[in-house]
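Engineer: Sequence and predicted structure are below.
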Amino acid sequence: MKFAQIIDFETERMDEMEQLLLEARERGSGGTGDGPTHRILLKDRDNPNRYLAVIEFESYEGAMRNSDAPETTKFAEQLAAMCTRAPRFTNCDLLDSSDLG
């Protein structure tokens, strides 16, 4: 079953975060196939420093292997250092994903 993680975070350094995200995407998942397959980034209209990232993986198990990788740990630490509060994580089984247009 596909898996998605929602990361709720606040930052005043989104431009720097986007650069790190771009670099991570270019590096890929190290050939393991456990890295994210899709990302949606949302900005809260009522709180301009709050963002929600929805990260999709092929499976929960793959996401956990990716999470345990040293490069992922380093990446997460770099992103957290740019946050104004600790990120909050919500783990979800992905039941449906559809384009409605």
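Structural biologist: Cool, got the structure. Residues are numbered from 1 along each chain as shown.

Engineer: what number of residues lie near residue 7?
Structural biologist: Using other CB atoms under 10 Å, residue 7 is surrounded by 18 other residues. The C-beta positions use only the backbone N, C-alpha and C, and glycine is treated the same way.

Engineer: How about it, nearest residue that isn't a chain neighbour?
Structural biologist: residue 53 (4.4 Å; CB to CB, 6 or more residues apart in numbering).

Engineer: can you give me the helices in the chain?
Structural biologist: Counting by DSSP state H, the chain has these helices, from start to end: 14-27, 60-68, 70-81.

Engineer: Mind checking those for the one nearest to residue 37?
Structural biologist: Judged by CB to CB, the one of the helices of the chain that comes nearest to residue 37 is helix 60-68, at 9.2 Å.

Engineer: what packs against the closest one?
Structural biologist: Judged by 3 or more CB pairs under 8 Å, 6 or more residues apart in numbering; DSSP states H and E, the packing partners of helix 60-68 are strand 3-10.

Engineer: From the chain's centre, how far out is the strand it packs on? Work that out for me.
Structural biologist: Remark: strand 3-10 is offset 6 Å from the chain centroid, using CA atoms, centre = their mean, to the nearest Å.

Engineer: Give me the angle between it and helix 70-81.
Structural biologist: Going by axes from the mean of the first three to the mean of the last three CA atoms, to 10 degrees, strand 3-10 is angled at 30 degrees with respect to helix 70-81.

Engineer: Spatially central residue in the chain, please.
Structural biologist: Central residue of the chain (CA atoms, centre = their mean): residue 55, 4.6 Å from the mean position.

Engineer: just checking, it touches residue 41?
Structural biologist: No: with contact defined as CB atoms under 8 Å, residue 55 does not count as touching residue 41 (9.5 Å).

Engineer: List the contacts of the helix-or-strand element of the chain with minimal mean pLDDT.
Structural biologist: None of the helices or strands of the chain scores lower by mean pLDDT, DSSP states H and E than helix 14-27, at a mean of 86. Residues outside helix 14-27 that contact it (CB atoms under 8 Å, 6 or more residues apart in numbering) are 11, 39, 51, 71, 75, 78, 79, 82.
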